[in-house]
Structure formats: C-alpha cells, structure tokens
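Q: the sequence and its predicted three-dimensional model are supplied below.
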Amino acid sequence: RYSILPAMSLDGLMHMEVYNHPITGVEFADFVEGVLDWMQPWPLPNSVLVMDNASIYKVQEAFSTLKAWLRSNRDYVLGKTKGVDCDPYALIWEAAYATMTSESAYGWHKHSEYIA
C-alpha cells in the first residue's frame with residue numbers, strides 16, 4: 001500500500017508525494033512546504049491555497065480516474081511490477097500525470113464548488 005498526497009491547481013497536478021507507509025505529521029509538513037514552493041502572490045496563478053481536511057468525497061473522481069488508468073494499463077503495470085527493475089513510485093507518478101490534466105483538474109474544482 002502507498003500513501004499519496006497530491007496538490008492540484010487549475011492547470012493540473014502541481015506537486016505530489018508518494019510514501020510506502022502511513023504519512024506522519026513531519027512528512028505532511030514537508031509536503032505543505034513543497035506545495036508552498038509553487039505558490040505565488042495574489043492575483044497570480046496558484047495564489048490561493050485550499051486545504052480540504054482529507055474529505056475524500058470531494059476528490060473521489062480524481063482517485064477514480066487514477067484507479068481507472070491503472071486498471072486500463074493492467075498488463076503494463078503487472079509487467080513492470082514483476083521485474084527486478086520495478087519502480088512502483090514511477091508507475092504512480094505516470095498514472096497521476098496521465099490522468100490529472102488541466103481539463104480534469106478544472107472539472108474537479110468546479111464539481112467541488114471551489115470555483116463558480
């Protein structure tokens with residue numbers, strides 16, 4: 001099992017951390033610092049940070065899309081995960097960047113009522 005912390009902007013995936021264990025408070029603080037590196041002064045893009053207190057229902061579509069990519073690429077994923085050169089982190093990153101596009105991010109933000 002992996003713990004995934006993604007940060008999305010209206011342009012898609014902005015920052016992400018992947019762990020092979022439950023996330024600690026220190027790791028979450030490091031993640032937030034990494035997100036803040038992408039932030040800009042108002043009114044530039046990425047000038048407002050919304051933290052969703054782990055309400056998974058708000059981003060269920062994002063996780064569903066990520067899972068669908070992994071399922072649709074099952075043979076590729078299984079082939080990669082059986083070899084000695086397996087890098088599960090790379091597979092998760094590839095799935096995230098393939099599915100969390102600017103179009104889908106905008107739709108998820110709109111669906112969650114973060115934008116009008």
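A: Great, that's in hand.

Q: shaky segments in the protein?
A: Under the criterion pLDDT under 70, the flagged ranges of the chain are 51-63, 65-67, 69-70, 74-86, 88, 116.

Q: what segments of this protein are strands?
A: Using DSSP state E, the strands of the chain run over residues 3-9, 12-19.

Q: what angle do the longest one and strand 3-9 make?
A: On the basis of axes from the mean of the first three to the mean of the last three Cα atoms, to 10 degrees, strand 12-19 is oriented at 160 degrees to strand 3-9.

Q: so what secondary structure elements neighbour strand 12-19?
A: In this structure, strand 12-19 makes packing contacts with strand 3-9, helix 25-36, helix 88-99, helix 102-111, judged by 3 or more Cβ pairs under 8 Å, 6 or more residues apart in numbering; DSSP states H and E. In short, each C-beta sits where N, CA and C put it, glycine included.

Q: go ahead and produce CSV holding the CA coordinates of the last one.
A: Think helix 102-111. The C-alpha trace of helix 102-111 is given here as CSV (Å, rounded to 0.1, in the frame of the first residue of the first chain):
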residue,chain,number,x,y,z
SER,A,102,-5.7,20.7,-16.7
GLU,A,103,-9.1,19.8,-18.1
SER,A,104,-9.9,17.2,-15.4
ALA,A,105,-8.5,19.4,-12.6
TYR,A,106,-10.7,22.3,-13.7
GLY,A,107,-13.7,20.0,-13.8
TRP,A,108,-13.0,18.6,-10.3
HIS,A,109,-12.5,22.0,-8.8
LYS,A,110,-15.8,23.2,-10.4
HIS,A,111,-17.6,20.0,-9.2
